[in-house]
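Undergrad: build me a structure from this.
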Amino acid sequence: MLFRSRLFAVGHADETESAALTQAAADPDGELMAVVRAARGKNVQAVTALGGPALVVVLRARRRRLGVLALGRAAGHPFQADEIDLLADLARRASFAVDNARLYSRQVELASTLQAGLRPPVLPKIDGFDLGSAYGAAQSAGLDVGGDFFDIYSGPRGWTVAIGDVCGKGAEAATVTGVARAVLRLLTGRGATLEELLLDLNRALRDTAASHPNGQGRFCTLAAASLARADDAEGEATVTLRLAGHPRPVLLRADGSTTLVGQTGTLLGVLDDDEVSFPPVTLRLCRGDSLVLYTDGVLEARRGRELFGEDRLMEAVAGCAGLSAQGVADRVLTTAQRFAGGNLRDDVALLVVRVPG
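TA: A predicted model of the protein is given here:
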């Protein structure tokens, strides 16, 4: 069966002959390419090419034809049986190596696409607020999609920001993340309160767990905040914050002082409605103040046995006084990455809401 062929690589034991061999191999109507096009079957074929003995074998893996490997010698030096067997084994190993690399490349692309879908492509413009975000993928995650996400929603009650973390990685975590984002967006658009958002999301995640083949779902932590610009000349803003098992955000004042804010409520997807609680906390943000929301990958950035932790986070945020929301997000992420030597062991997501000074 004929197939389209493209020269991939050429080598010669004598470097002075490499140019001539390359030219001969690249000729689409030449003798060597004719031998390559005629190759078929699973076994090594012994042929004559360019005046000498040659071995040709099709590279095949998982029922896919990946290419052809040809090995030649000068006239008068035929290949022995053990050499033919060796080439067959090398061809088999090379075929699976090439195919695995192809599959890995596709999986990386798929994982990257899924991961990008966990975050809004562009932050919206909200009158009276400055927004910033940053995301750092774990270096040891391989092809697994993390469960860290954030989003910003508009509804009849105004704007709501949310950042969450689904336990685990992989397709299941990505599925739960998709459910969480869809539920939050739908309910915000219908004018649900923060408490209603969290209660309904808790039910949705429990339902997802019930439909899991093994009866095991993924729990999720979430920080959600509603934004309201104050109607006064001071330019202040009111933020109502509810936490569902999520780390407490950092409030950065314009003077550089920092405070952990919020009351950590019940994580989502585990308990019944009458067992969960998401206490509200109302914050007053003045000009130049920022609210820094993050996932626990920041706190768990590791250097040896030492964690980044809350104290270093507070110190890093304090050093961001006067920066834009995007500047705060970028600096905190960079600080955590440097602490971990560029090797984050868990995904990191940051979302910053700032009242311009």
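Undergrad: CA atoms for contacts and neighbours, from now on please.
TA: Noted.
Undergrad: give me the phi and psi angles of the residue of the chain most remote from its centre.
TA: Distance from the C-alpha centroid of the chain peaks at residue 76, with 56.4 Å (CA atoms, centre = their mean). Dihedral pair for residue 76: phi 90, psi 0, per degrees, to the nearest 10.
Undergrad: list the contacts for it?
TA: 52, 53 (CA atoms under 8 Å, 6 or more residues apart in numbering).
Undergrad: what does the pLDDT read for it?
TA: With respect to pLDDT, residue 76 scores 83.
Undergrad: next one: the one 3 residues further on
TA: The score at residue 79 is 89. That number is its pLDDT.
Undergrad: cool, residue 316 as well?
TA: Reported pLDDT for residue 316: 98.
Undergrad: same thing with residue 121?
TA: 65.
Undergrad: same check, this time on the one 4 residues further on
TA: At residue 125 the predicted local confidence, pLDDT, stands at 93.
Undergrad: quick check: which element contains it?
TA: Of the helices and strands defined by DSSP states H and E, none includes residue 125.
Undergrad: can you pull the phi/psi pair for it?
TA: Dihedral angles for residue 125 - degrees, to the nearest 10 - are phi -90, psi 120.
Undergrad: could you report the distance from it to residue 265?
TA: Distance of residue 125 to residue 265, computed by CA to CA, to the nearest Å: 30 Å.
Undergrad: in terms of neighbours, single out the busier of those two.
TA: residue 265 (20 against 9; other CA atoms under 10 Å).
Undergrad: how about the more buried one, what does it touch?
TA: With CA under 8 Å, 6+ apart, residue 265 has these contacts: 242, 243, 244, 245, 246, 276, 277, 278, 279.
Undergrad: mind doing that once more with 7 Å?
TA: 243, 244, 245, 277, 278, 279 (CA atoms under 7 Å, 6 or more residues apart in numbering).
Undergrad: which residue sits closest to residue 49, ignoring its sequence neighbours?
TA: Residue nearest to residue 49 in three dimensions, not counting chain neighbours: residue 32, with 6.0 Å by CA to CA, 6 or more residues apart in numbering.
Undergrad: that neighbour looks like it's in a helix, true?
TA: Yes: counting by DSSP: H, G, I helix; E, B strand; the rest coil, residue 32 is located in a helix.
Undergrad: hang on, it packs against residue 25?
TA: Yes: Residue 32 is in contact with residue 25 according to CA atoms under 7 Å; the separation is 5.8 Å.
Undergrad: in which helix or strand does the residue lying closest to residue 281 once chain neighbours are set aside reside?
TA: Leaving aside its sequence neighbours, residue 281 sits nearest to residue 241 (CA to CA, 6+ apart; 5.2 Å). Using DSSP H and E, residue 241 sits within strand 237-244.
Undergrad: what residues does stretch 320-337 touch?
TA: Residues contacting stretch 320-337 (CA under 7 Å, 6+ apart): 130-134, 254-256, 288, 298, 301, 308, 316-317, 343-344, 350-354.
Undergrad: where exactly do the helices run in the stretch 1-150 of the chain?
TA: In the stretch 1-150 of the chain, the segments counted as helices under DSSP state H, counting those that start in this stretch are 18-26, 31-38, 81-116.
Undergrad: of those, which stretch is the most buried?
TA: Mean neighbour count (mean count of other CA atoms under 10 Å) peaks for helix 31-38 among the helices of the stretch 1-150 of the chain, with a mean of 17.
Undergrad: could I get it in CSV with only the CA atoms?
TA: Extracted C-alpha coordinates of helix 31-38, given in CSV (Å, rounded to 0.1, in the frame of the first residue of the first chain):
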residue,chain,number,x,y,z
GLU,A,31,15.7,4.5,-5.5
LEU,A,32,15.7,4.8,-1.7
MET,A,33,12.3,6.5,-1.5
ALA,A,34,10.9,3.9,-3.8
VAL,A,35,12.0,1.2,-1.4
VAL,A,36,10.6,3.1,1.5
ARG,A,37,7.2,3.5,-0.1
ALA,A,38,7.0,-0.2,-1.0
